[in-house]
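**Student:** predicted model and sequence follow; I will ask about them next.
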Amino acid sequence: MRKVMITAATTGGVHRKDANPNLPEQPQEIAQAAYECFNEGAAIVHIHARDKQGNPTGDPRAYREIADLIRAKCDIIIQFTSAGGGNLSIEERIGNLDANPEMASLNMGSLIRTVGPYAGTLFINTSADIEHFAQEMLKRDIKPEMEVYHHGMLREVDNLIRKSLLKKPYYINFVLGMAYQGAVAATAETLFSLKQLLQPDSIFNCCAIGPAQFPMTTLSMLLGGNARVGMEDNIYYSKGVLAKSNAQLVAKIVRIARELGFEIASPDEAREILGLQRKN
């Protein structure tokens with residue numbers, strides 16, 4: 001059976017421990033969460049760092065500390081954010097690439113934040129910004145996970161392919177149900193239509209916000225894609241029940257995948273699928 005890659009998005013750049021006290025914020029907490037997710041079947045961990053006060057940071061020293069702590073525990077694929085959270089500058093968002101992850105997210109367009117502490121501010125990713133991020137990732141042999149929030153962002157994916165700024169296979173993550181202006185709803189129709197627009201040699205992943213997390217990631221697997229779960233996207237295990245850990249959410253999607261007859265890709269199997277070289 002096809003092997004499914006599970007990504008754990010442990011922290012994010014928006015909510016804090018007041019939303020869920022089990023949210024990991026500091027390096028030791030994040031590394032332990034990554035290790036627990038690895039033990040439950042995650043092949044990739046998506047990392048946002050926080051400063052000592054719990055605010056989003058792009059400090060490469062924080063990312064290096066987290067990466068070193070994770071690599072001392074397990075061989076899960078480390079994927080850094082290039083969004084950061086909050087209102088980080090381009091330089092702050094790209095600085096963490098110097099901490100040498102195997103992968104990094106790459107947001108494929110601009111949105112307007114409508115909720116949270118930064119409501120009303122722009123999350124800007126111009127074509128020039130996107131190309132710059134892609135060039136820096138290519139130079140460092142970092143695989144982009146291209147974050148697509150609506151259909152128009154696939155034009156930016158096509159642009160990077162046309163300009164030879166990506167290596168095959170192209171890895172796209174559909175972000176569904178984000179409460180930002182410009183993002184699309186988490187529906188089956190949305191996911192079907194996005195998948196139909198993919199270029200050849202593309203692998204897709206899916207994450208969805210809040211209660212849509214498990215329905216949409218399950219559908220993604222059934223459509224030939226992969227799944228991202230975790231407390232960045234959803235702080236609940238079930239309706240009204242806060243998640244005890246990121247590992248609990250990973251265990252749930254792994255159980256669903258196996259019930260559907262899929263195998264779970266190990267980190268090394270995911271590296272083979274994605275064309276990655278292990279980094280230290």
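**Tutor:** Yep, it's here.

**Student:** so what sits opposite the spatially most central residue of the chain in the bridge?
**Tutor:** Nearest residue to the geometric centre of the chain (C-alpha atoms, centre = their mean): His46, 5.0 Å. Going by DSSP bridges, His46 is paired in beta bridges with Ala9, Gln79.

**Student:** let me know whether it touches Thr7 as I believe.
**Tutor:** Yes: the criterion here is C-beta atoms under 8 Å, and His46 meets it with Thr7 at 5.7 Å. For glycine as for every other residue, the C-beta is placed from the backbone atoms N, C-alpha and C.

**Student:** name the residues contacting each of those two.
**Tutor:** 79, 228, 230 (C-beta atoms under 8 Å, 6 or more residues apart in numbering).

**Student:** Gln248: which of these is nearest?
**Tutor:** Set against Gln248, the nearest of the shared contacts of His46 and Thr7 by C-beta to C-beta is Gly230 (10.1 Å).

**Student:** check what pLDDT the nearest residue to that closest one once chain neighbours are set aside gets.
**Tutor:** Here the nearest residue to Gly230 in space, its sequence neighbours aside, is Ala9; by C-beta to C-beta, 6 or more residues apart in numbering that works out to 3.7 Å. Looking at Ala9, its pLDDT is 98.

**Student:** contact partners for Ala9?
**Tutor:** Listed by C-beta under 8 Å, 6+ apart, the contact set of Ala9 reads 45-46, 207, 228-233.

**Student:** okay, it and Leu165: tell me how far apart.
**Tutor:** 24 Å (C-beta to C-beta, to the nearest Å).

**Student:** same thing with Thr121?
**Tutor:** Summarising the geometry, the distance separating Thr121 from Leu165, computed by C-beta to C-beta, is 28 Å.

**Student:** repeat for Gly224
**Tutor:** From Gly224 across to Leu165, the span is 25 Å (C-beta to C-beta).

**Student:** ok, Glu232 next?
**Tutor:** In this structure, Glu232 and Leu165 are 26 Å apart, going by C-beta to C-beta.

**Student:** then Gln135?
**Tutor:** Computed as C-beta to C-beta, the Gln135 to Leu165 distance reads 6 Å.
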